[in-house]
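[1] sharing a model that was predicted from the sequence below.
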Amino acid sequence: MSIVNYAAREITCKIVYYGPGRSGKTTNLHYIYGQVPAERRGQMVSLATQTDRTLFFDFLPLDLGTISGFTTRFQLYTVPGQVYYATTRNLVLQGADGVVFVADSQRRQLAENIESLQDLHANLASQGVDARTVPLVLQYNKQDLPREMIMDASELDDELNFRGVPAHVGDALHGRGVFETLRGISELVLRKLTATADAGAGR
Amino acid sequence: MNAAPWLATLTALSRHRGVLGTLLVSERDGLAVESMVQIGVNAETVAALAASLHRKARLASAAAGYGGVHFVRLDAERGHVLAAGRDDLLFVVISESRANTGLLRVELIRAAAGLA
Amino acid sequence: MKAAVDAWVEEPLLRFVRDARVRLALVLEASGRVLAQHGFTRSVDVMSACALAAAIQASSAELGRQLDGAPFGSLHHDGSDRQLFLGAITTPGGLHLLLAVFDDATSIGLVRLYFGELRGRLAAAAPARVASDAVTPALDEHFERDLDLNLARLFGRL
């Protein structure tokens, strides 16, 4: 849940990058880390194995600056993708204000993508969260790979985007789509805050 | 570490008149390795504070050029805290005012020598 | 850097820091939201520490539940020149955590001793959880303009 400090006029939101193993979740954060000036981000925390596979989570705090008079900070997390890290994925997902689902565009990874998406929805349900209320953006990563190996965006939309959420093609290794994805989820998360405020005020 | 060898020492110290509790304490951690205390005495609190006291005394003595500390004694309104140790371990005795602190001092220093 | 996000935490935490002589201290909600801090200089570093502390607490609690049904209590890491203590505090507002980092100016015994006192003070001072933690800011309807501008600056696109 977004953390708001009215006295200090600060907003903190938690964004979780979800998806199957090796889909590029950590790569997204690495790219963001490399682009953002040091004074606007914290140290990137990567709890990973010796082969650089996420063990528990990656974490990157970002200072987005002032938005509508509120100092806005985003906490970006990734989850471990392998099947046997189900418990830690559930722990990391708790309290998420928005989710970026990073799909591996390789055709042979379709089943893993679907399983991971189902896992996401199951975890949200186990936490009592209606998945339809959680801001979600899809990133179809690895679109730089040879055409014969990957599914294009429309194919992936057919298979994965049953909610019709914003989707971005990406090549996180080279930074393509990373900014757009982050911008997309940021807007959805902040818009949800505004919508809730409007509802609360009876507007 | 096996604290059994020190139980006899703690037991002997506990038998002195006016003694409310005896402890073997790690100075670095402020934790009791072993303790024998009467009901109403919080061994954890005594261990933490006695260790801190001994450490400060040790550092002050070293800073003043007086070398190591043999024995520390705190006289309070209603009793005493006595400590003697070697390396990281301390024997600590807390007692009522009526206790024979001179005798306890001798026994504590002897016990501390046995920590080598 | 400001010591306390929530005022009711500030005085108990400062007293704990003074008595226990710790170098760094954080009080946070179990979700990772910081309530007060001492010794940090950057808010992004506070966020990282809170995320890690919350993760440690969450995973050790889960491990305890899986082993015998009960979450573990406090945690102590002994390092070569610094030590870490993580303790849980139950208040009317829910579960909170203390993260303290200390060196040989104090001891784990003293930290635990004064943590016990801190726990009591926070439990007494904490407000009950207000349902309108969900009260949200009235972001300007044109917030996208600020968002776009700030993100562009972050990514060096301006």
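    Right, received. Where do you want to start? Residues are numbered from 1 along each chain as shown, chains lettered A, B, ... in the order given.
[2] any idea where the strands of chain A begin and end?
    A:3-5, A:10-18, A:45-48, A:54-67, A:70-78, A:98-104, A:136-141, A:167-169 (DSSP state E).
[3] quick one: which of those is nearest chain C?
    strand A:54-67 (3.8 Å; CB to the nearest CB). C-betas here are computed from N, CA, C, even on glycine.
[4] any idea which of the strands of chain A scores lowest on pLDDT?
    Lowest mean pLDDT within the strands of chain A: strand A:3-5, a mean of 71.
[5] may I have the strands that pair with that one, each with its orientation?
    Strand pairing for strand A:3-5, using DSSP bridges, gives strand A:10-18 (antiparallel).
[6] can I get the strands of chain A in a markdown table with mean neighbour count?
    Output for those, formatted as a markdown table (neighbours: other CB atoms under 10 Å in any protein chain shown):
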| stretch | mean neighbour count |
| --- | --- |
| strand A:3-5 | 19 |
| strand A:10-18 | 24 |
| strand A:45-48 | 17 |
| strand A:54-67 | 22 |
| strand A:70-78 | 25 |
| strand A:98-104 | 26 |
| strand A:136-141 | 27 |
| strand A:167-169 | 21 |
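[7] quick check: which of those is nearest to residue C:79?
    Counting by CB to CB, residue C:79 lies closest to strand A:45-48 out of the strands of chain A; the figure is 17.8 Å.
[8] distance from the chain centre to the closest one, please.
    A distance of 16 Å separates the centroid of the chain from that of strand A:45-48, by CA atoms, centre = their mean, to the nearest Å.
[9] now do it: which elements does it pack against?
    strand A:54-67, helix C:43-68 (3 or more CB pairs under 8 Å, 6 or more residues apart in numbering or on different chains; DSSP states H and E).
[10] right, and the ones you listed - which one's nearest chain B?
    helix C:43-68 (20.4 Å).
[11] after the closest one, next one along is what?
    Once the chain leaves helix C:43-68, the next helix or strand it forms, by DSSP states H and E, is strand C:75-78.
[12] so does that following strand get close to chain A?
    No. Using CB under 8 Å from any CB of the partner chain, strand C:75-78 stays clear of chain A, with a minimum separation of 15.1 Å.
[13] angle of the helix or strand just after that strand against helix C:43-68?
    Following strand C:75-78 in sequence order, the next helix or strand is strand C:83-91 (DSSP H and E). Relative orientation of strand C:83-91 and helix C:43-68, computed by axes from the mean of the first three to the mean of the last three CA atoms, to 10 degrees: 80 degrees.
[14] paired strands for strand C:83-91, with orientation please.
    strand C:75-78 (antiparallel), strand C:94-102 (antiparallel).
[15] so who does the residue in chain A that chain B sits nearest to touch?
    For chain A and chain B, the shortest gap (CB to the nearest CB) falls at residue A:47, measuring 27.9 Å. Listed by CB atoms under 8 Å, 6 or more residues apart in numbering or on different chains, the contact set of residue A:47 reads A:54-58, C:55.
[16] returning to what we had before: reformat the strands paired with strand C:83-91 as a markdown table; add mean neighbour count and distance to residue A:146.
    Shown next, in a markdown table, are these (neighbours: other CB atoms under 10 Å in any protein chain shown; distance: least, CB to CB, whole Å):
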| stretch | mean neighbour count | distance to residue A:146 |
| --- | --- | --- |
| strand C:75-78 | 13 | 48 |
| strand C:94-102 | 21 | 48 |
